[in-house]
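A.B. asks: sequence and computational prediction follow.
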Amino acid sequence: MTLVMRWLARSRSRSAKPANSKLLYHPTSTLVLGLVGGGFFLALAILSYVFANDTGTLGISLFFAGFALLGFVFVWEYFRVRHSLEPGGMRYQKLLSNGGKLRWNEVTRVHYSQSAKWFRLVTKTGEVVRVSAMLVGLPEFARAVLDEVPSESIDTTTRDVLRETAAGHPPSLWA
């Protein structure tokens, strides 16, 4: 697991192409992890259902199918979730709903969730945008937030995380 997490962390740290320097997107490792993990658990679900014995039940097959679904959520996230930094704001796309555009001066709160591994931005209208720590392009995002969002909207712990991220050291994906 440690090796996988290191691989994921390294893949998000790769430099974005100059044309995409303002784009926040999932690295290819997210797609690979989703396909391999989802495929593995889907195969286990099918095998446990087809070759049922005294220890295998429909419940076990559904349990494995649930994990397969989680893997495919990674795949969906890879293709769907992308954000782009723009002068004065950011365009965002959510996993399960429509995206939109937020203006930096409308952000009332920025918080980094250590457990969820995302930055949570709340606007004056109550819109919540989450930016995953898995994304490529986090240093540019962090610099934009530090430069553009009113400082009273960022808590001190999050400000420290943003400074480290802007310096090229994004938050750990493991701890």
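C.D. replies: It's in. Every value quoted in this text rests on a predicted model; they were computed, and no experiment measured them. Residues are numbered from 1 along each chain as shown.
A.B. asks: when you work out contacts or count neighbours from here on, use the C-alpha atoms and nothing else.
C.D. replies: Fine.
A.B. asks: pLDDT score for Thr2?
C.D. replies: Thr2 carries a pLDDT score of 76 in this model.
A.B. asks: swap in Ala167?
C.D. replies: Looking at Ala167, its pLDDT reads 93.
A.B. asks: now do the same contact list for it.
C.D. replies: Residues near Ala167 by Cα atoms under 8 Å, 6 or more residues apart in numbering: Pro139.
A.B. asks: please report phi then psi for it.
C.D. replies: phi -80, psi 0 (degrees, to the nearest 10).
A.B. asks: can you list the domain ranges for this structure.
C.D. replies: Following the assignment in automatic domain parsing, the chain carries domains at 2-79, 83-166.
A.B. asks: can you tell me the SS state at Ser84?
C.D. replies: Counting by DSSP: H, G, I helix; E, B strand; the rest coil, the backbone at Ser84 sits in strand.
A.B. asks: contacts only, for the closest residue to it other than its chain neighbours.
C.D. replies: The spatially closest residue to Ser84, leaving aside those adjacent along the chain, is Leu23, at 4.4 Å (Cα to Cα, 6 or more residues apart in numbering). Contacts for Leu23 were tallied using Cα under 8 Å, 6+ apart; they are 82-85, 136-137.
A.B. asks: need phi/psi at Leu23.
C.D. replies: phi -100, psi 130.
A.B. asks: read off the pLDDT value for the most centrally placed residue in the chain.
C.D. replies: Taking Cα atoms, centre = their mean, the centroid of the chain lies closest to Ser132, which sits 3.0 Å from it. pLDDT recorded at Ser132 is 93.
A.B. asks: in the sheet, who's paired with the nearest residue in space to it that is not next to it in sequence?
C.D. replies: Nearest residue to Ser132 in three dimensions, chain neighbours excluded: Trp118, at 4.2 Å (Cα to Cα, 6+ apart). Trp118 forms beta bridges with Ser113, Ser132, as assigned by DSSP bridges.
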